[in-house]
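In: Below is the structure, and that's it, no one-letter string:
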């Protein structure tokens with residue numbers, strides 16, 4: 001402890017007095033013990049050693065020490081992971097995997113494969129169907145439709161529309177079966193034959209109540225053109241001339257295959273009556289007398305003009 005002099009430097013004796021205290025030995029570390037075995041049997045590990053304090057917890061510093069240690073054996077080790085595989089799904093949470101190999105088969109701890117979620121976004125999906133539409137028919141059997149939409153346009157499989165049969169309580173007007181064909185209106189030369197049907201409710205069916213069709217379209221038998229007129233059977237005095245034609249189907253044409261007409265109807269040249277005898281050229285001794293006739297067409301009559 002210390003004291004002070006009222007008059008600095010004038011007092012005898014020391015201003016400080018000391019006395020021993022805490023004579024007990026200070027806490028101290030024991031010697032380090034031997035190093036422990038290496039923590040790894042291969043490759044690089046650590047070894048430790050310890051010491052103890054004479055008064056637990058009273059020594060400064062660490063009670064343990066470690067150091068690297070190395071073996072002459074290379075430890076088994078995992079090689080690098082492979083690249084991730086393709087995702088097992090394109091949407092809706094699939095998996096992708098990767099693998100690795102151990103340098104010494106079976107000696108590495110841990111798994112040789114790893115997996116992870118991928119493409120976790122929701123897949124395109126169909127929204128709810130709309131209500132059914134009205135029936136396409138007001139009577140009989142029709143169809144009704146409904147639709148749905150995809151959350152991603154064009155990405156959903158399946159159809160965006162559906163249909164179903166629908167039935168009303170009303171029977172639709174309907175056509176009866178067609179009647180048999182009528183006889184053809186002509187036996188050749190394109191005639192027609194017809195058939196009819198009736199509607200269960202008069203005037204309510206669409207379409208025609210009758211149908212016709214051409215039949216017997218083959219050409220009817222026909223006469224060829226008339227041939228040229230033949231020569232007249234007489235040169236005068238009313239003769240006849242003829243012409244002919246042929247039927248395309250022998251015996252099938254109506255009418256005659258020949259035709260005739262008058263020709264050269266003018267009178268033939270003719271001699272007039274004889275004139276009276278002339279006087280005798282001699283009064284005796286054998287004379288001659290004559291008489292004459294004339295032709296109606298000069299020079300056209302046969303025979304003598306006189307006798």
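Out: Cool, got the structure. What you see is a predicted model, and the numbers here were worked out from it, not measured in a lab.
In: quick one: the strands in the stretch 51-200 of the chain?
Out: Taking DSSP state E, counting those that start in this stretch, the strands of the stretch 51-200 of the chain run over residues 64-70, 94-99, 113-118, 141-147, 161-167, 191-196.
In: Columns mean pLDDT, distance to residue 246 and mean neighbour count on top of the ones you listed, output as a markdown table?
Out: In short, each C-beta sits where N, CA and C put it, glycine included. Putting the strands of the stretch 51-200 of the chain into a markdown table (pLDDT from 0 to 100; distance: least, Cβ to Cβ, whole Å; neighbours: other Cβ atoms under 10 Å) gives the following:
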| stretch | mean pLDDT | distance to residue 246 | mean neighbour count |
| --- | --- | --- | --- |
| strand 64-70 | 89 | 132 | 12 |
| strand 94-99 | 96 | 94 | 14 |
| strand 113-118 | 94 | 97 | 13 |
| strand 141-147 | 93 | 64 | 14 |
| strand 161-167 | 91 | 68 | 12 |
| strand 191-196 | 89 | 25 | 15 |
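In: can you put these in CSV and add distance to residue 234?
Out: What follows is these, written out as CSV (distance: least, Cβ to Cβ, whole Å):
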stretch, distance to residue 234
strand 64-70, 158
strand 94-99, 120
strand 113-118, 123
strand 141-147, 88
strand 161-167, 93
strand 191-196, 48
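In: Would you mind telling me which of those is nearest residue 173?
Out: Residue 173 lies closest, by Cβ to Cβ, to one member of the strands of the stretch 51-200 of the chain: strand 141-147, at 13.9 Å.
In: ok, the closest one: who's next to it in the sheet?
Out: strand 161-167 (antiparallel) (DSSP bridges).
In: What lies in contact with the strand it pairs with?
Out: With contact meaning Cβ atoms under 8 Å, 6 or more residues apart in numbering, strand 161-167 is reached by 129, 132, 135-137, 140-148.
In: Return the member of these nearest to residue 32.
Out: Once Cβ to Cβ is applied, the member of the contacts of strand 161-167 that ends up nearest residue 32 is residue 148, at 81.0 Å.
In: Does that closest one touch residue 128 like I think?
Out: Yes: if you go by Cβ atoms under 8 Å, residue 148 and residue 128 touch, sitting 6.8 Å apart.
In: neighbour-wise, which of those two wins?
Out: Shown here are residue 148 and residue 128; by other Cβ atoms under 10 Å, residue 148 has more neighbours (16 against 8).
In: ok, the more buried one - contacts?
Out: 126-130, 160-162.
In: can you put those in CSV and add distance to residue 21?
Out: Output for the contacts of residue 148, formatted as CSV (distance: Cβ to Cβ, whole Å):
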residue, distance to residue 21
126, 93
127, 92
128, 93
129, 98
130, 100
160, 100
161, 104
162, 103
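In: just these now: which is nearest residue 266?
Out: Nearest member of the contacts of residue 148 to residue 266, counting by Cβ to Cβ, is residue 161, at 98.0 Å.
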